[in-house]
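Participant: What follows is a predicted structure for the sequence shown.
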Amino acid sequence: MKKFSVFFSVLSVIVVTILLSACGNTKSGRNNIYIVVDSVEKDSFLEETKSGVNDFCGDNNFNFESLTCKNESDFLNKLDFAGENGSLVWACGAYFFDDAKKAAEFNTKSKYVVLDSPSDDKTTNLFGVVFRTEESSFLVGYIAGMTTNTNQVGFVGGINDDNIATFEYGYKAGVEFAAKERKTNINISSEYVGSYADLAKAFSIGDEMYKAGNDVIYQAAGAAGLGVIESAVQNDRWVIGVDVDQSEIAPKNVLTSALKHCRAIAKYVSEDIIKNNFKNSNKNTYYFGLENGSVDIPSNHDNYSDELYEKTQNIKQKIISDEIIVPKNKDDYETFKKELQ
């Protein structure tokens, strides 16, 4: 009897172990999709991307989890963990690229997507998503240039890098285009917060720029941009939103917004990669712009005229048809200005 007792005890342990192992495989297997972010700050860009990935997971029975890095030294740890335990990993920001590449090389069965960065063409399980933000920035720049009364407009960026350069120089080109149409000169000033989370510093920068005579500022500074919006309210000036329609935050001060439809794109790319379609991937990089409606401006335009909205729509079509080539860096911008004269 004792022998049977021991036998059944051992058998029970084996069965429980197998069951636990099976459960573990379900939770940490190929049915997980992770998104890795570097900040707990509320950022419309990140929130929309998370929602899009979560939409895909909900529709396709995948588990969704968001991982927040403590600092830069934690990037690789989180990306590696996600790759070991999931089938798809989203890295939210171009600054993740180097660590995402390393993690992708470690975890060849998982696929990685870096938002706002092209892929390197060599790492087969590494993908990039690039929004042509210079195009929507050109449109809001044109609106700013046609709206300013002081002929002084500004730009406030988060971190000064190649990604935010597309916002800055696309915007400046749009302002220059408007200045030519108006046959006037418009001064454009640029400042950087050095962070995507420092609302107080962003407020201070915006406040100083408004007091210096800028009556329109385009902010592309993540969560810190809310500080610029607050400074617009305090100074009763115009501000241009980014990523989502930010008019609800300050209806009387948000002139327009440069949109990125992150939610729809995150869902689409997740499905495309999981199903191995790669329909719109060019050498492992997905490009999204005005042509496919992935960047744009809001159709509501309570703070500027129907006539200006229609003019902006005509310019949009010229960008789509390549009649206007929008610059995305300083060199291209300088060339654009020369050709515009």
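Facilitator: Sure thing, it's come through. Only a predicted model underlies this, so the values are computations on that prediction, with no experimental measurement involved.
Participant: show me where pLDDT drops low in the stretch 51-200 of the chain?
Facilitator: Scanning the stretch 51-200 of the chain for pLDDT under 70 picks out no residues.
Participant: could you redo the last one with a cut-off of 80?
Facilitator: Across the stretch 51-200 of the chain, the stretches falling below the confidence threshold (pLDDT under 80) are 121.
Participant: Can you show me the helices along it?
Facilitator: Assigned by DSSP state H, counting those that start in this stretch, the stretch 51-200 of the chain shows helices spanning 75-85, 97-106, 133-147, 162-182, 199-211.
Participant: Now do the same contact list for the residue nearest to the spatial centre of the chain.
Facilitator: Within the chain, one residue has its C-alpha closest to the average C-alpha position: by C-alpha atoms, centre = their mean, that is Phe45, at 4.9 Å. Contact analysis of Phe45 by C-beta atoms under 8 Å, 6 or more residues apart in numbering lists Cys92, Gly222, Val242, Asp243, Val244, Lys260, Cys262. (Glycine included, C-beta is placed from N, CA and C.)
Participant: which of the residues you listed has the most neighbours?
Facilitator: Of the contacts of Phe45, Gly222 is surrounded by the most neighbours, 28 neighbours in total, counting by other C-beta atoms under 10 Å.
Participant: tell me, how many neighbours does the nearest residue to it once chain neighbours are set aside end up with?
Facilitator: Among residues not flanking Gly222 along the chain, Tyr196 sits closest, at 3.2 Å (C-beta to C-beta, 6 or more residues apart in numbering). When counting by other C-beta under 10 Å, one arrives at 23 neighbours for Tyr196.
Participant: hang on, Asp272 in a helix?
Facilitator: Yes - counting by DSSP: H, G, I helix; E, B strand; the rest coil, one finds Asp272 located in a helix.
Participant: Give me the pLDDT value at it.
Facilitator: Asp272 is assigned a predicted lDDT (pLDDT) of 93.
Participant: if we can go back for a sec, my guess is the residue nearest to Gly222 contacts Leu226. True?
Facilitator: No - the pair Tyr196 / Leu226 is not scored as a contact, 10.7 Å apart, by C-beta atoms under 8 Å.
Participant: Contacts only, for the residue nearest to Ser189 when sequence neighbours are not counted.
Facilitator: Using C-beta to C-beta, 6+ apart and skipping residues adjacent in sequence, the residue nearest Ser189 is Gly154, 4.8 Å away. Contacts for Gly154 were tallied using C-beta under 8 Å, 6+ apart; they are Ile188, Ser189, Ser190, Glu191, Met209, Asn214, Val216, Ile217, Tyr218.
Participant: hmm, 10 Å instead?
Facilitator: Listed by C-beta atoms under 10 Å, 6 or more residues apart in numbering, the contact partners of Gly154 are 144, 171, 187-191, 205-206, 208-210, 212-219, 228, 237, 239-240.
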